[in-house]
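Colleague: the following block contains a protein sequence and its predicted model.
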Amino acid sequence: MIPKTYLDRVIAPSLLAANFSKVGEETTRAINAGADWLHLDVMDGHFVDNISFGPAMVQAVHESNDIFLDVHLMISRPDHYLPRFIAAGSDCITVHVEADHNVSETLGRIRDAGCLAGLALNPATPFSEVVPFLHEIDLLLCMTVVPGFGGQPFMQEVMSKVEAAAAYRQEHGLSYHIEVDGGISAETAAISYKAGANVMVAGSTTFGAKDMAAAIEAIRNA
Ligand code: DX5
Ligand code: ZN
């Protein structure tokens, strides 16, 4: 699925909240429920205090279903593991500005491989940290929780960063998506759209919902 422009709303359920014993079926369920992208939260137990899954999981999802794979690398050395996530079938690869790598170089390698290049910043990281890279990205991920776990409360203070990113994009004629991730529901999605975000990552409120299609629709129309 060709990613839309930043003017369109994109709903990306997070696989972290899915039933890991049946990932292929869960991915099919998300597609049938109207998901645009699938968000894959890769955690190395070092950059964040949790371990989730690696390239093999991206590969398994890629081989079992046809959906745009939005891979979020919460790992200390995204540069070292990049080839494996590219080979696994990622469509967008998002790396953290706080991780231990040459950010520009990593972003360039992601784009050279034909993937969308995403850059993420944690709630405590000031917007100024990502400004040097905004002309090199297709997506800016503003974390609305401290990364590591699903089911945490939305951090509304991050909206000023989303507004700053949208203003910067406008002023400089750029076209990156703005994605928010963590504590997203219909209510917090409405707040995030208003601030300028267009890609909504939601785990517990989609995979955890009784009616996933209704949950996705509510976030899309928030
Ligand atoms: C947290 C992850 C998020 C999380 C979202 O480190 O990056 O994608 O899984 O889960 P919810 O929607 O439950 O906050
Ligand atoms: Zn994520």
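Modeller: That came through, no problem. Ligands and ions are numbered 1, 2, ... in the order given.
Colleague: right, is stretch 11-24 up against ligand 2?
Modeller: No: Stretch 11-24 does not reach ligand 2 (Cβ under 5 Å from the ion); its nearest approach is 5.7 Å. Just so you know, the C-beta spots here come from the backbone N, C-alpha and C atoms, and that holds for glycine as well.
Colleague: measure that stretch end to end?
Modeller: Criterion Cα to Cα, to the nearest Å; first-to-last residue distance in stretch 11-24 is 19 Å.
Colleague: ok, now stretch 110-118?
Modeller: Per Cα to Cα, stretch 110-118 runs 9 Å from first to last residue.
Colleague: what about it, near ligand 2?
Modeller: No: applying Cβ under 5 Å from the ion, one finds stretch 110-118 out of contact with ligand 2, separated by at least 10.3 Å.
Colleague: contact partners of the longest helix seen in the chain?
Modeller: Identified as the longest helix of the chain according to DSSP state H is helix 159-171. Applying Cβ atoms under 8 Å, 6 or more residues apart in numbering, the contact partners of helix 159-171 are 6, 121, 126-127, 130-131, 134, 140, 142, 174-176, 178, 180, 191-192, 195-197.
Colleague: please redo it, this time with the cut-off set to 6 Å
Modeller: With contact meaning Cβ atoms under 6 Å, 6 or more residues apart in numbering, helix 159-171 is reached by Phe127, Leu140, Cys142, Ile178, Ala195, Gly196, Ala197.
Colleague: now for the closest residue to ligand 2 within the chain: which residues touch it?
Modeller: Ranked by Cβ to the ion, the top residue of the chain for proximity to ligand 2 is His72, at 3.8 Å. The contact partners of His72, by Cβ under 6 Å, 6+ apart, come to Asp41, Thr94.
Colleague: render the CA-only coordinates of the helix or strand encompassing Pro83 in PDB, please.
Modeller: Using DSSP states H and E, Pro83 sits within helix 78-87. Extracted as PDB, the C-alpha positions of helix 78-87 are listed here (Å, rounded to 0.1, in the frame of the first residue of the first chain):
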ATOM      1  CA  PRO A  78      20.000   0.600  14.600                       C
ATOM      2  CA  ASP A  79      22.900   1.100  12.100                       C
ATOM      3  CA  HIS A  80      24.300  -2.300  13.000                       C
ATOM      4  CA  TYR A  81      21.000  -4.200  12.500                       C
ATOM      5  CA  LEU A  82      19.700  -2.200   9.600                       C
ATOM      6  CA  PRO A  83      20.500  -4.700   6.800                       C
ATOM      7  CA  ARG A  84      18.500  -7.400   8.600                       C
ATOM      8  CA  PHE A  85      15.400  -5.300   9.000                       C
ATOM      9  CA  ILE A  86      15.600  -4.200   5.300                       C
ATOM     10  CA  ALA A  87      16.000  -7.800   4.200                       C
END
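Colleague: centre of the chain to the next helix or strand after it, how far?
Modeller: As assigned by DSSP H and E, the chain's next helix or strand after helix 78-87 is strand 92-96. Counting by Cα atoms, centre = their mean, to the nearest Å, strand 92-96 is centred 8 Å from the centre of its parent chain.
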